[in-house]
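Chemist: From the sequence below, what's the structure:
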Amino acid sequence: QEPHVGGFTRVGFLAPARTEPRRLGMADAAEGKSSADGAAAGDLEASGRLSSGTRDLLAGMIAGFVTKIFEHPLDTIKVLQQTMGDRYAGAADCLLTTYRAGGVPALYRGLLCPLFGSM
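Modeler: The predicted structure follows:
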């Protein structure tokens, strides 16, 4: 077993330490517990925590969501320059003109579809 340091284990690089789901042993079987008793709530483990796969899925969805929120205004400016480049003197001019014309919502126009695609 690798030593744990602050919730991380040393394996060449820092990777989150994983906890294995509780396994039913002989003592549990003698008490009449079944494997279904531990996982009756779907993805919740016997301890009441989400399974490793579910946590990874949720973390990936949140990361995609946050990334798209920060990236979309830059992508909007890029697309505006590609399609109507003769109107703008550069990226800064495109950003300021777009912001003055429609405010922050103009920078996030069309975000919904890419947002769902990133999750």
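Chemist: what about the residue nearest to Ala106 when sequence neighbours are not counted, how many neighbours?
Modeler: Closest residue in space to Ala106, ignoring its immediate chain neighbours: Thr98 at 5.1 Å, by CB to CB, 6 or more residues apart in numbering. C-betas here are computed from N, CA, C, even on glycine. The tally of other residues near Thr98 (other CB atoms under 10 Å) stands at 19.
Chemist: Which strand or helix spans Thr98?
Modeler: Element membership of Thr98, judged by DSSP states H and E, is helix 91-107.
Chemist: Mind checking the pLDDT average for stretch 52-60?
Modeler: Across stretch 52-60, the average pLDDT comes to 87.
Chemist: For the host helix or strand of Cys113, what does the pLDDT average out to?
Modeler: Cys113 is part of helix 112-118 when elements are defined by DSSP H and E. Mean per-residue pLDDT for helix 112-118: 83.
Chemist: so where's the chain shaky on pLDDT?
Modeler: Within the chain, the segments meeting pLDDT under 70 span 1-48.
Chemist: Mind doing that once more with 80?
Modeler: 1-50, 85, 118-119 (pLDDT under 80).
Chemist: and stretch 53-67, which residues are buried?
Modeler: Within stretch 53-67, the residues scored as buried using 16 or more other CB atoms under 10 Å are Gly64.
Chemist: residues near Ala91, how many?
Modeler: If you count neighbours by other CB under 10 Å, Ala91 ends up with 13.
Chemist: these two touch, right, it and Ile77?
Modeler: Yes - shown here, Ala91 and Ile77 form a contact pair, counting by CB atoms under 8 Å, at 5.8 Å.
Chemist: And for the helix holding Cys113, what's in contact with it?
Modeler: Contact with helix 112-118 is made by 64-65, 67-69, 72, 75, as judged by CB atoms under 8 Å, 6 or more residues apart in numbering.
Chemist: In helices, which of these appear?
Modeler: Taking DSSP state H, the ones among the contacts of helix 112-118 that sit in helices are 64-65, 67-69, 72, 75.
Chemist: quick check, nearest of these to Asp86?
Modeler: Asp75 (19.9 Å; CB to CB).
Chemist: No further questions, thank you.
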